[in-house]
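Participant: Need coordinates for the following:
(4 chains, ligands or ions: 5)
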Amino acid sequence: MIEVRDVTHGFAARDILRGVSATLTEHRIAVIGANGSGKSTFARLFNGLVVPREGEVLVDGLSTRSHAAEVRRAVGFVFTDPDAQIVMPTVAEDVAFGLRRRGLDREETRRRVFAAMSAVGLEIFADHPAHLLSGGQKQLLALCSVLVTEPRVLVCDEPTTLLDLRNTRRVLDILQGLPQQVVMVTHDLDSVGGYDRVLVFDEGVLVADGPPATAVGHYRALIG
Amino acid sequence: MIEVRDVTHGFAARDILRGVSATLTEHRIAVIGANGSGKSTFARLFNGLVVPREGEVLVDGLSTRSHAAEVRRAVGFVFTDPDAQIVMPTVAEDVAFGLRRRGLDREETRRRVFAAMSAVGLEIFADHPAHLLSGGQKQLLALCSVLVTEPRVLVCDEPTTLLDLRNTRRVLDILQGLPQQVVMVTHDLDSVGGYDRVLVFDEGVLVADGPPATAVGHYRALIG
Amino acid sequence: MIRSRRLPAPDLARVATFAGLVAALSLPGQFYLFGSSVPVTLQTLGVMLCGLLLGARLGALAVLAYVAIGAAGVPVFAGGAAGLAPFAGPSAGYLVAFPIGAFVIGLIARPERGFHPARGFLAAVVGGIVVVYAVGVPVLAWRAGLDLSTALRTGAVIFLPGDLLKAVLATVVAAGVHRAYPALSRDDGRREAAATRT
Amino acid sequence: MNTYVPGRSWLHILPASVKLAGLAAGMVVVLLVDSPAEIAAAAGVTVLLYLTAGMVRALPVQVWSLRWLVAALVALQVLTSGWAAAVVVTGRVVVAVVLAGLVTLTTRVVDLLDVFERVLQPLRRLRVDSERVALVLALAIRAVPVVTALAAEVRDAQRARGLRGSVRAYAVPLVVRTLRHADALGEALVARGLDDPAPSAR
Ligand SMILES: Nc1ncnc2c1ncn2[C@@H]1O[C@H](COP(=O)(O)OP(=O)(O)OP(=O)(O)O)[C@@H](O)[C@H]1O
Ligand SMILES: Nc1ncnc2c1ncn2[C@@H]1O[C@H](COP(=O)(O)OP(=O)(O)OP(=O)(O)O)[C@@H](O)[C@H]1O
Ligand SMILES: O=C(O)CCCC[C@@H]1SC[C@@H]2NC(=O)N[C@@H]21
Ligand SMILES: [Mg+2]
Ligand SMILES: [Mg+2]
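Facilitator: Ligands and ions are numbered 1, 2, ... in the order given. Here you go, the predicted model:
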């Protein structure tokens, strides 16, 4: 469960988020809104990448301000550009990287890495150089490298923006099948249909919040 | 008119485009296909950013191989990432950049720059620092900076991928209203409805070519 | 034909962007070791990467562009300093040496012919440490009124462990980048490679 | 901290090239100074210049930013050559740095870039294209926030994966994305005709 309590955040001149409160318990949550409306900043609150100037964010009761490390272990994050996330030369090494300091023995690490790769269909690329993967495969790798650490919540900031139709569908299907709570920021209104709850941002304010049809309708009305 | 004559292009190990031929005379042409299918490479043929290993590309009868500079003046190009296209500090200066060596006097340059900015609604930002514009405005600036040179053909490689709904619609509307021939690469199948002709690529081969409904149907069938 | 030897646009873009990279590496952190009037910074890491990735000519131009925009007043020097003031202080020699260092690194490493880690490391040490100290230390002695041995101690010896570590890092990073971005040293493939990612 | 402060003083109005020449002359004078009294005089002149430029408020900031430098210089000098030398050497450096800082405080970046471009004009015979130099510098200035933003994103991605302190894991993605940006920029410049000859008739 994620609780956002009256958060205001911004920089010298301007507030990016203003008085945002929300308690997120649903399984599938989407966040939509115009460019610059504050979606990414909102999403970054959940794992403490952004610590709000005012207000508080709690993940399963732990504040992102005082329990940064625990929160970060509980909340996985997938970014738009896979190239910003992939750090090791081969696929298997990159997936294993997140388990480094878990004190697992070699066999256990291998087992978990293989399981995670299989879940997204990358096991056949285990020893493949990561940079030679296609854009869609890279994004699957980024997702896999996060899932291997078994986060309780997964936050994705426009995970399919750079992908084609097939890869988009693939990533969305995998997200849909996860046991975890998923929060996804997106511009693709077609993809939020099956979600339990959709939040709409406008100029840093949470202006609508509800089932997909209502929320998307509100967003379309905003655009005019 | 653009003629692509039996083009094959690639690198040591792999061909990115294989035996592609097409004569493009229509007013609105879209190019779709999976990630890595060769769309961007195809589009880059038209202004000589890519010169094919085999075959030839002619723009109004001029070969991109032997008449690179003329072809480049005739064919404008808008890329995906607005941040990588802005080259001067302020909006007006960036627009004027393309007119530098046209031998125009100062008054004429100013007039054309203003007209181009007005066409996309950026004239109020003339002396604004270009990098402080929003993502959507930056993409409009990129478009404007290309249009000011009055190209006969405009090629756009996923011009709206990074934009929200409103900005996407804005850019597409402006493209729709241009007198020039437009070739647009896109993953957004909803946006190609009004186009005259849609080309579908798959693994470097032009696999379908026709009106939107047929071509998009073919593409969907490919994905399975 | 007398034509100016213009930097082609793709090279020009790399030069300018890598100047930005050196700046981004210089900004975080800067601290003074006891008794030294020169700060510890990551600038040499940036200089080494320029030489190891862009080669002698473009690498040197990138670092030169970095120094030039700093001199013109953009806050990119150690600790966010800028302008002509740093050129009047004890670190002036290092700043002047940076472009020369990048040039020497590129000459030795020859990244355009493929990257060899051992060679790259040697290049980083010679260009990024020896050359930089060779200009930096005498200027430090001159500007700070030190005798040469004190200047060596406070302007070279104390930085050596850190700078050697940076040379190792630069080599490892350059090797990784050469693998992850194959178009780096292949001129004809460069544009297309940029195009592969939307 | 040490960047242009808008104003209308005589120093703001003076052409950048004249200021640079004056600074060079000032540097030579400061070098020749070698007694505490002369240092005091040089410092006095510097303060006077700050006063007439309306920049006195910037003076404490300038000096304060040199605190570590001064501490280190004084410590070393006192240990190796005594107090008088410490005052002269430290004073020289402080006056030189603060004086150079005044030029930066009163001159816009674009004006200094213009001077660079003009200084490079005669190099045309050495086949240096001064217009292109100006473009590189403008793009380099623009690249600083771009790369800084890329760095922030990569750092976020690393932190989200719980990867603290691995420089390799940080620097490789950063440099790869920097290169990708550079090459996309290069492509846009080519497409906008930077390398093409001027059209013959129009
Ligand atoms: N570090 C920062 N400093 C200053 N402004 C910032 C910073 N980070 C974000 N902003 C600004 O805050 C606003 C909201 O940014 P945010 O990235 O949250 O928007 P977004 O809804 O994710 O937009 P997009 O759809 O373009 O991704 C933007 O106007 C942005 O320019
Ligand atoms: N310089 C290069 N070296 C090797 N391979 C390359 C190079 N440039 C492109 N490619 C490869 O060529 C293929 C086609 O690339 P292209 O960018 O044309 O695809 P695309 O259809 O535009 O894909 P996307 O939808 O992801 O933009 C890709 O597999 C790409 O990896
Ligand atoms: O003022 C500046 O920006 C220049 C600082 C120079 C620091 C030198 S470079 C070589 C040596 N290694 C370091 O880490 N710092 C010094
Ligand atoms: Mg965002
Ligand atoms: Mg593409």
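Participant: where do the helices sit along the chain?
Facilitator: Picking chain A for this. A:39-45, A:68-74, A:91-97, A:106-120, A:135-147, A:165-177, A:212-223 (DSSP state H).
Participant: think we crossed wires, I meant chain D
Facilitator: Going by DSSP H, chain D shows helices at D:10-13, D:16-32, D:36-52, D:58-64, D:67-81, D:83-106, D:109-120, D:130-160, D:167-191.
Participant: Could you identify which of the helices of chain A is most buried?
Facilitator: Burial of these is given as mean neighbour count (mean count of other CB atoms under 10 Å in any protein chain shown); helix A:135-147 ranks first at a mean of 25. The way it works is simple: take the backbone N, C-alpha and C, and place the C-beta from them, glycine included.
Participant: Could you see whether ligand 2 lies near that one?
Facilitator: Yes - Helix A:135-147 lies within reach of ligand 2 by CB under 6 Å from any ligand atom, at residue A:135.
Participant: does any part of that helix sit near ligand 5?
Facilitator: No - residues of helix A:135-147 are not located near ligand 5 by CB under 5 Å from the ion, the shortest gap being 8.8 Å.
Participant: Just the C-alphas of that helix, formatted as CSV.
Facilitator: The C-alpha coordinates for helix A:135-147 follow below in CSV (Å, rounded to 0.1, in the frame of the first residue of the first chain):
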residue,chain,number,x,y,z
GLY,A,135,14.9,-1.8,-28.3
GLY,A,136,12.0,-3.9,-27.2
GLN,A,137,14.2,-6.6,-25.8
LYS,A,138,16.3,-4.1,-23.9
GLN,A,139,13.1,-2.8,-22.2
LEU,A,140,12.2,-6.4,-21.3
LEU,A,141,15.7,-6.8,-19.8
ALA,A,142,15.3,-3.6,-17.8
LEU,A,143,12.0,-5.0,-16.5
CYS,A,144,13.5,-8.4,-15.7
SER,A,145,16.5,-6.9,-13.9
VAL,A,146,14.0,-5.1,-11.6
LEU,A,147,11.7,-8.1,-11.1
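Participant: so what secondary structure elements neighbour it?
Facilitator: The helices and strands touching helix A:135-147, judged by 3 or more CB pairs under 8 Å, 6 or more residues apart in numbering or on different chains; DSSP states H and E, are strand A:75-78, helix A:91-97, helix A:106-120, strand A:153-157, helix A:165-177.
Participant: Helix D:130-160 and that one, what's the angle between them?
Facilitator: 40 degrees (axes from the mean of the first three to the mean of the last three CA atoms, to 10 degrees).
Participant: Run the chain-centre distance for helix A:135-147.
Facilitator: 12 Å (CA atoms, centre = their mean, to the nearest Å).
Participant: want to throw the helices of chain D into JSON lines with distance to residue C:17 and mean pLDDT?
Facilitator: Below are the helices of chain D laid out as JSON lines (distance: least, CB to CB, whole Å; pLDDT from 0 to 100):
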{"stretch": "helix D:10-13", "distance to residue C:17": "32", "mean pLDDT": "89"}
{"stretch": "helix D:16-32", "distance to residue C:17": "26", "mean pLDDT": "83"}
{"stretch": "helix D:36-52", "distance to residue C:17": "37", "mean pLDDT": "90"}
{"stretch": "helix D:58-64", "distance to residue C:17": "31", "mean pLDDT": "83"}
{"stretch": "helix D:67-81", "distance to residue C:17": "31", "mean pLDDT": "77"}
{"stretch": "helix D:83-106", "distance to residue C:17": "24", "mean pLDDT": "83"}
{"stretch": "helix D:109-120", "distance to residue C:17": "18", "mean pLDDT": "78"}
{"stretch": "helix D:130-160", "distance to residue C:17": "5", "mean pLDDT": "85"}
{"stretch": "helix D:167-191", "distance to residue C:17": "4", "mean pLDDT": "89"}
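Participant: Including mean neighbour count, could those go into CSV?
Facilitator: Below are the helices of chain D laid out as CSV (neighbours: other CB atoms under 10 Å in any protein chain shown):
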stretch, mean neighbour count
helix D:10-13, 14
helix D:16-32, 15
helix D:36-52, 15
helix D:58-64, 15
helix D:67-81, 17
helix D:83-106, 22
helix D:109-120, 17
helix D:130-160, 21
helix D:167-191, 24
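Participant: Which residue does chain D have closest to ligand 2?
Facilitator: residue D:183 (9.7 Å; CB to the nearest ligand atom).
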